[in-house]
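Student: Got a sequence here, can you build the structure:
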Amino acid sequence: MFTFFQTLYDLFSSGNFHWFVLFYFVIIIRWLVVSCFAAGYKPYTCSSGKFFTTVIIPVVDEPVSLFRNVLQRILSQQPDEIIIVINGPENPELLSVAEAVGLEARKSGKRTDLKTYYTPVAGKRNAIRIGVENASLQSDVTLLVDSDVLWTENVLKNILMPFAEDPLVGGVTTRQKILDPKRNFITRIAAILEDIRAEGTMRAMSSNGKVGCLPGRTIAFRTSILRDSMDEFMTEKFMGIHKEVSDDRSLTNITLRRGFKTVMQDTALVYTDCPTETRRYFRQQLRWAEGSQYNNIRMMPWMLRNARLMLFIYLTDMLMPFLLISTYTNWFLGFVARASGYDFETLPFSVNIFLLCVLIYVGSAISFTVRNIRLLRIVRLRNILFFPFLILFLSVFMLPIRMTGLARCADSLSWGTRKTTASDAENIQEDIPGKMNGYQILMRLLVVLLMLFFVSFSFFMELFF
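Tutor: Residues are numbered from 1 along each chain as shown. Presented below is the predicted three-dimensional model:
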């Protein structure tokens, strides 16, 4: 915010244009648009209706104690059936836990039918397919649940409300929070980002009935949609590659293209784990970035015709890294030019370095707080002091990941935060190290050209305006 006011003052007082002004205006416009639509969001509150519910849980390598807790919480809400699909390496411990929990449920008189399947083929898509194929013919709504997600009270009841109230609702996701966010810096970051997304873009798109990606920690679809779309779901390709990642976004796309609404029900609250190691967290974010970017490109024509708000949100999300990095590059080139004796206008900072850093810190905290004012309802006030470090983290680490995800759209990428085995080769087409196909070269070239364009254009604007 401090830098923005400095650049704005320099623009009006001296007529010097700074690229950062344009970048910040994009941020403000995006914030205003998202906030206006998010303000109109209301969760569904009608009765949950009578639905035959199926819960499908793909499992790879969860800790036994966590998996038991996950199953018990779901069973306590009594869905009609639970289908567990253990995939990848054999895991007798997980199988025994599933059988034991099922036996306990039957002894206690619960009506839920619990079934367990095993497939050596690793991959969530294949596990979902097996679950859907073995779901009861009576099934009306199917919930896809990650095996590390903990349900809170009444999740099943609340997630069914949109289906009961509106027959055009085809997919519903939950409100998600990070489990025990105080563990370290990474979990704090992940928790805040999750809340920002839920309070901002998720509410905005849901108020329009078109959430672009229903996060798959716990996600519900009409079973008929899943049955009708399994072939497309399992065989879809992007630039010649079948990508295992982004199964939740793929199912969301299919649901939207079939004319159904996709919404968030934030009264259905679930907790999910988060990688605590920096390397695993970045691999997870890269996987998500790649899945997000390639789906943005695939859905661009549909969004242009049917979902302008979604298009605006995802397009600004794709362009923001280029705008910010070109801003940083401009500052660097400007200072280099001045140091080399060229007459190049830079910001007229007249304060000492320490005071400048303090002003930037305070301005960042105020700016971020104002743009995410709804967060103050759910986070402690002292977290405002943490926001500038979050901005630094997003600028230094996350924006390059977004650009890398775009560059790797045509790459094959397996699950970066899960164990994999040799059997993955049956389901995932791996890239050959050191060899790229034409699509991969094209996407990397596109990112380089976009970066050169933004840097050159922004430098030209600063130089001549």
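
Student: Contacts only, for residue 44.
Tutor: Neighbouring residues of residue 44 by Cβ atoms under 8 Å, 6 or more residues apart in numbering: 161-162, 164-166, 263, 265. For every residue, glycine as well, the C-beta is placed using N, CA and C.

Student: Can you pull the poorly scored residue ranges out of this protein?
Tutor: Scanning the chain for pLDDT under 70 picks out 1-12, 14-16, 343-353, 356, 359, 381, 412-435, 462-465.

Student: what domains does the record give for it?
Tutor: For the chain, the structural domains run 2-37+313-464, 53-291, going by automatic domain parsing.

Student: Let me know the closest of the contacts of residue 44 to residue 310.
Tutor: residue 263 (12.9 Å; Cβ to Cβ).

Student: check contacts around the nearest residue to the closest one once chain neighbours are set aside.
Tutor: Excluding the flanking residues, the one nearest residue 263 by Cβ to Cβ, 6 or more residues apart in numbering is residue 206, at 4.6 Å. Going by Cβ under 8 Å, 6+ apart, residue 206 touches 41, 262-264.

Student: swap the cut-off to 10 Å and go again
Tutor: The neighbours of residue 206, taking Cβ atoms under 10 Å, 6 or more residues apart in numbering as the test, are 37-38, 40-43, 162, 172-173, 198, 214, 261-266.

Student: Most tightly packed of the domains of the chain?
Tutor: domain 53-291 (a mean of 19; mean count of other Cβ atoms under 10 Å).

Student: How far away from the center of its chain is that domain?
Tutor: Taking Cα atoms, centre = their mean, to the nearest Å, one finds domain 53-291 lying 14 Å from the centre of the chain it belongs to.

Student: Kindly list the longest strand within this structure.
Tutor: strand 261-272 (DSSP state E).

Student: helices or strands next to that one in the packing?
Tutor: Judged by 3 or more Cβ pairs under 10 Å, 6 or more residues apart in numbering; DSSP states H and E, strand 261-272 is in contact with strand 149-151, helix 155-165, strand 169-178, helix 185-197, helix 203-207, strand 218-222, helix 247-257.

Student: mind giving me CSV with these and columns for distance to residue 54?
Tutor: Supplementary listing: the helices and strands packed on strand 261-272 in CSV, determined by distance: least, Cβ to Cβ, whole Å:
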stretch, distance to residue 54
strand 149-151, 15
helix 155-165, 11
strand 169-178, 14
helix 185-197, 26
helix 203-207, 24
strand 218-222, 10
helix 247-257, 15
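
Student: can you tell me which of these comes nearest to residue 317?
Tutor: Nearest to residue 317, of all these, is helix 185-197, at 10.9 Å by Cβ to Cβ.

Student: can you pull the contacts of the nearest residue to residue 42 once chain neighbours are set aside?
Tutor: Counting by Cβ to Cβ, 6+ apart, the nearest residue to residue 42 once its immediate chain neighbours are dropped is residue 207, at 7.7 Å. Counting by Cβ under 10 Å, 6+ apart, residue 207 touches 36-42, 263-264, 309.

Student: can you rerun that using 7 Å?
Tutor: With contact set as Cβ atoms under 7 Å, 6 or more residues apart in numbering, residue 207 has these partners: 37-38, 40-41.

Student: same deal with residue 93?
Tutor: Contacts for residue 93 (Cβ under 7 Å, 6+ apart) come out as residue 64.

Student: Quick check: residue 55 is in a helix.
Tutor: No. Checked against DSSP: H, G, I helix; E, B strand; the rest coil, residue 55 lies outside a helix; its state is strand.

Student: measure it to residue 260 for me?
Tutor: 20 Å (Cβ to Cβ, to the nearest Å).

Student: next one: residue 301
Tutor: For residue 301, the distance to residue 260 - Cβ to Cβ - is 19 Å.

Student: ok, then the element right after the helix or strand hosting residue 282?
Tutor: Under DSSP states H and E, the secondary-structure element containing residue 282 is helix 278-306. Moving toward the C-terminus from helix 278-306, the next helix or strand (DSSP H and E) is helix 308-339.

Student: now the angle between helix 247-257 and that next one, please.
Tutor: 130 degrees (axes from the mean of the first three to the mean of the last three Cα atoms, to 10 degrees).

Student: got the angle for helix 308-339 vs strand 261-272?
Tutor: Interaxial angle, helix 308-339 versus strand 261-272 (the same axes, to 10 degrees): 60 degrees.

Student: Skip ahead from helix 308-339 and say which helix or strand is next.
Tutor: The first helix or strand that comes after helix 308-339 along the chain, using DSSP H and E, is helix 353-371.

Student: Mind listing residues that contact the helix or strand that that following helix is followed by?
Tutor: Downstream of helix 353-371, the first helix or strand assigned by DSSP H and E is helix 387-393. With contact meaning Cβ under 7 Å, 6+ apart, helix 387-393 is reached by 189, 192, 361, 364-365, 368-369.
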